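Colleague: Any chance you could fold what I've pasted below:
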Amino acid sequence: MNALRCCVLVMVALLPMRPATAQEPKLDQAVLTEGFLAAHPDLRWRSEGARAYERQDYAGALERFKRAAFHADKPSQAIIADMYWRGTGVAQDRAIAYAWMDIAAERLYPDFLAQREVYWARLDDVQRKEAIERGQAILAEYGDEAAKPRLEKILRRAMRSMTGSRVGYVGNLTIIPHTGPLAGTGMTVRGDQYYDRKYWQPEHYWRLQDAIWKAPMRGKVDVGEVEPVKAPEGG
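Modeller: Okay, the predicted model is just below:
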């Protein structure tokens, strides 16, 4: 399994997105309740896609990653590119793989940008022409210009329905998760943590994404037992 493939699997398998240093913002796992994920379909579908991938339901994984990608999730767009490049759960199509990685690299996140250039270098002239031509339809549906507003609409709707939002103060609110990763653990989530603006206000949410993804991956991360997929001939 090559280095970027490991990197992509790390990104999609772990909902907190990436390990963060003391200086880097991160996604607090404590907030990952069912209600939170319902209002963040980018994270929800990436998580479900990762679980499907791990059980080798590659067609199901691709479908779920595309749902996350529809809501501007760059890591999901990168794993979709990887799946098309290798023919994992889908017919191998390297022109389309490049188109997906080009969209994943749209915000100039270094890991995706570097892999996009690797893909381009490995395409022949015909494939490059196809990638540009056929990629236009994918860009129109999944690029940030179309995808960001979809997620922003959901976030704004969720903000309007928040408990305590009418009085603008949630600091004393305690949330007891009944579903999701913390269900049944006895753990609670502070209201000010759950309702932090970095998760709910679109401009702050995009800044959080940028802060997490703009630094290249560093160090070694163990993702557990992931079944490697044999690359097709010429992979």
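
Colleague: how far away is residue 111 from residue 141?
Modeller: Per CB to CB, to the nearest Å, residue 111 is found 23 Å from residue 141. (C-beta placed from N, C-alpha, C; glycine too.)

Colleague: Those two: which has the busier surroundings?
Modeller: The residue with more neighbours, out of residue 111 and residue 141, is residue 111; 23 against 13, by other CB atoms under 10 Å.

Colleague: Could you measure from the more buried one over to residue 117?
Modeller: To residue 117, residue 111 is 11 Å away according to CB to CB.

Colleague: do the same with residue 152
Modeller: Going from residue 152 to residue 117 by CB to CB gives 30 Å.

Colleague: before we move on, what about residue 205?
Modeller: Using CB to CB, residue 205 is found at 28 Å from residue 117.

Colleague: ok, now residue 125?
Modeller: Noted for residue 125: a distance of 17 Å to residue 117, by CB to CB.

Colleague: got it, and residue 93?
Modeller: For residue 93, the distance to residue 117 - CB to CB - is 19 Å.

Colleague: Could you check which of these two has the larger neighbour count?
Modeller: Shown here are residue 93 and residue 117; by other CB under 10 Å, residue 93 has more neighbours (18 against 12).

Colleague: Check which helices and strands the helix or strand hosting residue 75 is in contact with.
Modeller: Per DSSP states H and E: residue 75 is located in helix 74-86. Secondary-structure packing of helix 74-86 (3 or more CB pairs under 8 Å, 6 or more residues apart in numbering; DSSP states H and E): helix 3-13, helix 41-54, helix 58-70, helix 94-104, helix 110-122, helix 202-213.

Colleague: same thing but at 10 Å, please
Modeller: Secondary-structure packing of helix 74-86 (3 or more CB pairs under 10 Å, 6 or more residues apart in numbering; DSSP states H and E): helix 3-13, helix 41-54, helix 58-70, helix 94-104, helix 110-122, helix 125-142, helix 144-160, helix 202-213.

Colleague: if I pick the nearest residue to residue 151 once chain neighbours are set aside, what's in contact with it?
Modeller: Of all residues not flanking residue 151 in the chain, residue 71 sits nearest, at 4.4 Å (CB to CB, 6 or more residues apart in numbering). Contacts for residue 71 (CB atoms under 10 Å, 6 or more residues apart in numbering) come out as 40-46, 142, 147-148, 150-155.

Colleague: Residue 137 versus residue 71, what's the distance?
Modeller: For residue 71, the distance to residue 137 (CB to CB) stands at 18 Å.

Colleague: And the pLDDT at residue 17?
Modeller: pLDDT recorded at residue 17 is 38.
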